[in-house]
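Peer 1: Sequence plus predicted model, see below.
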Amino acid sequence: MLSYGVQKSNHYYLNGLKKSLLIFVLLLFVSDAFLFSQSETTKPWFVSVSANYGRVLIHTPKIDNLKGAAPYGMELELSRHYFDAATFKRCNCYPKMGVSLNYWNYDYAALGYGIGSFFFFEPFLDYGGRVKVSFKLGMGITYLSNPYDEESNTDNLTYSTYFSFPLFVGGTVYYMIKEFTALKFTASFQHVSNGGGKQPNLGINYPVLSVGVERALNSYQSPSNPPGLEKFEKERRWELGVGYAIKDVENIDHKVGIWVFNLLYSHQVSRVNAIIGNWFSEHDNRLMAGNFIDRWRSSLLVGNEFLLGRINFSQQLGIYVFRPRGTPSLLLQYYSLQYKLSDSIFFGVGLKAHGQVADYLGLRLGVMF
């Protein structure tokens, strides 16, 4: 039996899926009308629509009331695929970049619904043939309709602000059913929280399956053999970075700041991957008790880094070497997305987490050498 507040998701989802399929059919029948230009281009535009279905993960007993909640929704994407040689030189791939507009019903009255948009970066693992495979990363902003309220909505401990920041990681398989039209099947993991800006903020974590249709808006030719695959120089890089985050803390009537300092070494092992080691130190003003030294945490992390030209995305797992009292776990994760402003300076964002609970989301700036 579903917990109180969980809606009859199958009924609503099937109705949404029927509407989605109707849109798919209409797109297929009038697809030729969507070709804005018949002239061939190396940077074609695409539009797609998808139906999404997920399942909320119960990552802490505090949200046991959400058992059985199955979010469902719709997504509209506008993207551009870059097949030109200059983009390949910068990114080591032919990526697709775009924006999505999405609607989610979280299938539980206390969670409400969300309307959001995110920017995504989608490098492809295969370019030619009828089947294409991609890896997709995205982040953005979303409006959430029913945040926690100590009087009217105490059942929602996952978010407490109207605006939060969704993160997306997944993979997509495209199956070409016409020359410029494809079915797309996506499996992803999505996280929504305010990055610790206000409590409670346990976040919504949910794996998602999506089915959709995509239509090109231009004529194009997929490259069969990317240039320059025969040789590349392996990169070895040091980074010295500083970051800052603002955190809302229970029992404190104001927000506190967290400073982050790190020294990272990256050793490239393939065209788009590197192994990294990271010394990570935090000055955490949430630890108000004690002296200056008692507010420091230090940890050692290792992980993988995707090298996508000027964009790097890393996933790290580590252990605290020094942690004062009050640290919730011995292990931590850190996810970083950064952009190279030049050959020696980068800017980005970083998310720290303990298990499936986000600790904070902060900005980063640093130098590379």
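Peer 2: Perfect, thanks for sending it.

Peer 1: Next, Leu157: secondary structure please.
Peer 2: coil (DSSP: H, G, I helix; E, B strand; the rest coil).

Peer 1: Now for it, how many residues are close by?
Peer 2: Leu157 has 19 neighbours, counted by other CB atoms under 10 Å. (Each C-beta comes from the backbone N, C-alpha and C, glycine too.)

Peer 1: pretty sure it contacts Pro200?
Peer 2: Yes. Here Leu157 reaches Pro200: they are 4.3 Å apart, a contact under CB atoms under 8 Å.

Peer 1: so where's the stretch 101-250 of the chain uncertain?
Peer 2: 128, 196, 224-232, 248-250 (pLDDT under 70).

Peer 1: where exactly do the strands run in it?
Peer 2: Ranges of strands within the stretch 101-250 of the chain are 113-123, 131-144, 163-178, 181-193, 204-216, 218-219, 236-247, based on DSSP state E, counting those that start in this stretch.

Peer 1: Between those strands, which one is closest to Ser48.
Peer 2: Ser48 sits nearest to strand 204-216 of all these, at 3.7 Å, using CB to CB.

Peer 1: For that closest one, which residues meet the burial criterion?
Peer 2: 204-206, 208, 210-216 (16 or more other CB atoms under 10 Å).

Peer 1: could you dump those residues to TSV with distance to Val173?
Peer 2: Listed next are the buried residues of strand 204-216 as TSV, based on distance: CB to CB, whole Å:
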residue	distance to Val173
Ile204	26
Asn205	23
Tyr206	20
Val208	15
Ser210	11
Val211	11
Gly212	11
Val213	13
Glu214	12
Arg215	17
Ala216	17
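
Peer 1: What residues sit buried inside stretch 113-127?
Peer 2: 113-114, 116, 118, 120-124, 127.

Peer 1: count of residues packed around Glu233?
Peer 2: Applying other CB under 10 Å, I find that Glu233 has 6 neighbouring residues.

Peer 1: nope, Tyr265 is what I meant
Peer 2: Tyr265: 14 neighbours (other CB under 10 Å).

Peer 1: before we move on, what about Trp279?
Peer 2: The number of residues near Trp279, taken as other CB under 10 Å, comes to 15.

Peer 1: and the closest residue to Gly116 other than its chain neighbours, what does it touch?
Peer 2: Leaving aside its sequence neighbours, Gly116 sits nearest to Thr142 (CB to CB, 6 or more residues apart in numbering; 2.6 Å). If you count contacts by CB atoms under 8 Å, 6 or more residues apart in numbering, Thr142 has them with 102, 114-118, 163-166, 192.

Peer 1: likewise Gly303?
Peer 2: Contact analysis of Gly303 by CB under 8 Å, 6+ apart lists 275-276, 278, 314-317, 334.

Peer 1: how does it look with 10 Å?
Peer 2: 264, 274-278, 314-318, 333-336 (CB atoms under 10 Å, 6 or more residues apart in numbering).

Peer 1: Same check on Lys62?
Peer 2: 157-158, 200, 202, 357.

Peer 1: Let me know the closest of the residues you listed to Ala69.
Peer 2: Thr158 (10.2 Å).

Peer 1: Identify the contacts common to Leu157 and Pro200.
Peer 2: 62-63, 148.

Peer 1: now those residues in JSON lines, with distance to Val56?
Peer 2: Below are the shared contacts of Leu157 and Pro200 laid out as JSON lines (distance: CB to CB, whole Å):
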{"residue": "Lys62", "distance to Val56": "13"}
{"residue": "Ile63", "distance to Val56": "8"}
{"residue": "Tyr148", "distance to Val56": "16"}
